[in-house]
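> Next comes the sequence, and after it the predicted model I'd like to discuss.
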Amino acid sequence: MSLESIRFKNGKLHILDQLQLPKKTVYEEIKTVEDGWNAIKSMKVRGAPAIAMVGCLSLAVDLENQSFELTDDVLNYVEKKLEYLITARPTAVNMMKTANELLDYSKHLALEMPETESLKRTIIERIEYFLKKDIKDNESIGEHGSKHIMNNPKCVKNEEKVNVLTHCNTGSLATAGYGTALGVIRSLHTKGFVEHAYCTETRPYNQGARLTAYELIHEKIPATLIADSMAALLMKSKPISAVIVGADRVARNGDTANKIGTYQLAVAAKYHDIPFYVAAPFSSIDHDTEHGDHIEIEHRPPEELLSIHGVQIAAEGIGCWNPSFDVTPYELLTGGIITEHGVFNKEEILEKLTNGY
Ligand code: MRU
């Protein structure tokens with residue numbers, strides 16, 4: 001059974017506190033939107049799709065305890081809470097897109113549903129639908145990605161199996177389930193195609209060492225951890241077939257924001273002629289942002305770089321620059337963008353969006 005970052009059952013929401021992994025498995029109950037916001041901000045839950053799911057589900061459990069007189073009161077409450085949830089972390093677009101979708105849906109619903117309790121219940125049901133859809137979309141990403149990689153002669157040369165490298169954590173812990181980039185690796189493994197998976201440590205927050213390594217072991221995928229600074233040498237000395245990463249936001253021109261360190265991996269992959277894939281659902285594509293330079297990059301507190309588990313590791317008094325994400329230019333996404341609808345280039349994605357995907 002795969003790891004569960006989010007448990008939503010009988011109107012109750014629990015999240016796995018990822019700050020305590022891999023040492024302890026502790027679930028925490030989320031009862032209000034404020035609890036949801038705090039869990040996202042403090043990174044107890046993280047990963048673009050999981051942020052959106054926990055944000056919306058925190059609204060669902062919060063709504064259970066509210067009563068409203070008028071449908072307008074329901075809509076105002078939902079709008080205010082969603083606006084607040086979006087402020088928790090700025091780079092990942094999934095929370096914002098899901099919030100807009102939910103608000104539009106709620107407004108349309110209110111036109112034909114004058115009874116506040118039914119309106120509230122139907123909004124909660126819609127949020128539950130998002131949860132199921134995320135898992136289904138990730139399974140499709142895994143399927144499309146594994147097929148594409150196994151049919152790409154640049155990835156599969158004479159060997160029948162592949163060696164892959166991934167960054168940060170994009171698995172069950174970063175989504176409602178299955179994962180995006182790690183979902184592709186999971187799908188490759190299920191089909192017997194993985195020779196070896198490498199994951200980066202992902203400094204400074206160590207999502208790779210703490211979370212991806214944990215998931216790879218859990219799934220019994222043959223895997224090795226490397227420090228971020230070893231990636232170029234790994235590409236030079238081992239037959240790496242593909243680099244597969246996730247996304248926090250894909251701009252209209254295809255530039256992709258993802259965990260800090262992604263850009264340098266893409267540069268190194270290009271130099272070594274290794275296909276570089278981004279795996280992300282359509283909910284990570286932000287067509288209102290023209291160019292990667294316009295994506296807001298979250299900066300995390302200096303302590304996350306200067307210390308580990310509260311123990312200072314850097315020289316006292318040193319300055320600190322701690323951007324949490326970087327933007328990889330589209331031209332470096334040489335493998336393509338793996339989505340739930342297939343593997344595309346930026347023009348194909350634009351066409352799909354124009355046709356209502
Ligand atoms: O800061 P984090 O841990 O939320 O960053 C996560 C990433 O950068 C992931 O690669 C991205 O959100 C995709 S998760 C499927």
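Ah, there it is. Numbering: from 1, shown residues only.

> just checking, Ala280 touches Ile338?
Yes - with contacts counted by CB atoms under 8 Å, Ala280 reaches Ile338, the gap being 7.4 Å. Glycine gets a C-beta too; all of them are placed from N, C-alpha and C.

> Confirm Glu29 sits in a strand?
Yes - secondary structure of Glu29 (DSSP: H, G, I helix; E, B strand; the rest coil): part of a strand.

> who does it bridge with?
Partner residues in beta bridges with Glu29: His14, with DSSP bridges as the criterion.

> Need the residues touching each of Ala280 and Ile338.
Taking CB atoms under 8 Å, 6 or more residues apart in numbering as the contact rule, Ala280 and Ile338 both touch Ile141, Thr180.

> hey, C-alpha coordinates of stretch 247-267 in PDB?
Taking C-alpha atoms only, stretch 247-267 is exported to PDB below (Å, rounded to 0.1, in the frame of the first residue of the first chain):
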ATOM      1  CA  ALA A 247       6.500  21.400 -11.300                       C
ATOM      2  CA  ASP A 248       5.000  24.100  -9.100                       C
ATOM      3  CA  ARG A 249       4.000  26.300 -12.000                       C
ATOM      4  CA  VAL A 250       4.400  26.100 -15.800                       C
ATOM      5  CA  ALA A 251       4.200  29.500 -17.400                       C
ATOM      6  CA  ARG A 252       2.600  30.100 -20.800                       C
ATOM      7  CA  ASN A 253       6.000  30.000 -22.600                       C
ATOM      8  CA  GLY A 254       6.700  26.600 -21.000                       C
ATOM      9  CA  ASP A 255       9.200  27.900 -18.400                       C
ATOM     10  CA  THR A 256       8.800  25.800 -15.300                       C
ATOM     11  CA  ALA A 257       9.200  26.700 -11.600                       C
ATOM     12  CA  ASN A 258      10.200  23.800  -9.400                       C
ATOM     13  CA  LYS A 259      12.300  23.100  -6.400                       C
ATOM     14  CA  ILE A 260      15.500  25.000  -6.100                       C
ATOM     15  CA  GLY A 261      18.200  23.000  -7.900                       C
ATOM     16  CA  THR A 262      16.000  21.900 -10.800                       C
ATOM     17  CA  TYR A 263      17.500  24.500 -13.200                       C
ATOM     18  CA  GLN A 264      21.100  23.300 -12.600                       C
ATOM     19  CA  LEU A 265      20.000  19.700 -13.200                       C
ATOM     20  CA  ALA A 266      18.400  20.700 -16.500                       C
ATOM     21  CA  VAL A 267      21.600  22.500 -17.600                       C
END
